[in-house]
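Novice: Build me a model:
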Amino acid sequence: MAFTLGTLGTYVIVLFVIVIASAIRIAKPYERGVVFRLGRLSSPERGPGLFLIIPGIDKVTMVDLRVRTVEIPPQEIITKDNVTIKVTAVVYFSIVDPISAIVKVENYFAYTFQRAQTTLRSIIGQSELDEILSAHDKINLDLQKIIDDATEPWGVKVSTVQIKDVELPQAMQRAIARQAEAEREKRAKIIHAEGEYQAAQRLADAAAIIQKEPASIQLRYLQTLTEIATEKSSTIVFPIPVDFLKGVLSRIGDGKG
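Specialist: Below is the predicted model of the structure:
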């Protein structure tokens, strides 16, 4: 009889340990436990740390609160100006309300992915190609706001949406390259014309000064001779003023007369 009672006591102790072990749950710092008791929600969520449940009565679903990323695969979209492009994007989101994420939507991850995919197609379809290529930040903010507003009732916070890549058709790439080349040539011609204008303006100013002071042209002659004299292989041509030649010729003519 004593042996039977001892065996029964051992069984009771083992059963008690099993029940206690199955009643203990531990949530990591980035986890929360959503508890359902007999099918009804038991709020608030549990964790982080150790918490107890009633085995066989309570059911626990653990929710990860860390930031997750979902990559939207290349989407072939027609822009507002009828250009077909492929766009790839990344969505960063996290769970801020674990109870809503479990109770109000069947699969918050799949829902967020589908919502991001459809929103991306909608926003890109309403934008022109130049805007998509040059205004990434604005489009990213529009995507983030629309997706976040849609997922907020389900406890999902979309923090960032970024367009990773925009793939253009080969014909469109060549057209854009030609356009960029023409734009660069245009700027080069404008800069060259501006330089010519400034040079002409400076020459006109110099001519006006020389006209007021004729002796200054002699100084320019001397400076030019000084500059070319350093080159031993140079041939120096000394310019003679026209006025000097006129004076000499007039004197020769007077002597003959």
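
Novice: Where does pLDDT dip in the stretch 151-257 of the chain?
Specialist: Scanning the stretch 151-257 of the chain for pLDDT under 70 picks out 173, 214-215, 217-218, 221-222, 225, 228-249, 251-257.

Novice: in it, which spans are strands?
Specialist: Under the criterion DSSP state E, counting those that start in this stretch, the stretch 151-257 of the chain contains strands at 156-167.

Novice: now the stretch 1-150 of the chain
Specialist: Using DSSP E, counting those that start in this stretch, strands in the stretch 1-150 of the chain cover 24-27, 31-37, 40-46, 49-52, 58-64, 68-78, 84-95.

Novice: Mind giving me the packing neighbours of the second one?
Specialist: Using 3 or more Cβ pairs under 8 Å, 6 or more residues apart in numbering; DSSP states H and E as the contact test, the elements touching strand 31-37 are strand 40-46, strand 58-64, helix 98-103. (Glycine included, C-beta is placed from N, CA and C.)

Novice: Could I get the buried residue list for the second one?
Specialist: So the one you mean is strand 58-64. Using 16 or more other Cβ atoms under 10 Å as the test for burial, strand 58-64 gives 58, 60, 62-63.

Novice: ok, residues contacting it?
Specialist: 25, 27, 30-37, 42, 45-46, 53, 95, 98, 101-102 (Cβ atoms under 8 Å, 6 or more residues apart in numbering).

Novice: Now restrict the residues you listed to buried residues only.
Specialist: Buried among these (16+ other Cβ under 10 Å): 25, 27, 31-36, 42, 45-46, 53, 95, 98, 101-102.

Novice: longest helix of the protein?
Specialist: helix 170-212 (DSSP state H).

Novice: Centre of the chain to that helix, how far?
Specialist: On the basis of Cα atoms, centre = their mean, to the nearest Å, helix 170-212 sits 33 Å off its chain's mean C-alpha point.

Novice: Check stretch 39-46 too.
Specialist: 42 Å.

Novice: domains of the protein?
Specialist: 2-64, 68-173, 206-257 (automatic domain parsing).

Novice: The longest helix of the chain versus strand 156-167: what angle between them?
Specialist: 70 degrees (axes from the mean of the first three to the mean of the last three Cα atoms, to 10 degrees).

Novice: and helix 170-212, what does it pack onto?
Specialist: Using 3+ Cβ pairs under 8 Å, 6+ apart, helix 170-212 is in contact with helix 216-228.

Novice: Once you drop chain neighbours, what's closest to residue 116?
Specialist: Distances taken as Cβ to Cβ, 6 or more residues apart in numbering put residue 91 closest to residue 116, at 4.6 Å, once the chain neighbours are dropped.

Novice: Show the contacting residues for that neighbour.
Specialist: So residue 91 contacts 69-72, 112-113, 116, 147, 158, 160-161 (Cβ under 8 Å, 6+ apart).

Novice: 7 Å instead, please
Specialist: When contacts are counted by Cβ atoms under 7 Å, 6 or more residues apart in numbering, residue 91 is found next to 69-70, 72, 112, 116, 147, 158, 161.

Novice: do residue 226 as well
Specialist: Applying Cβ under 7 Å, 6+ apart, no residues contact residue 226.
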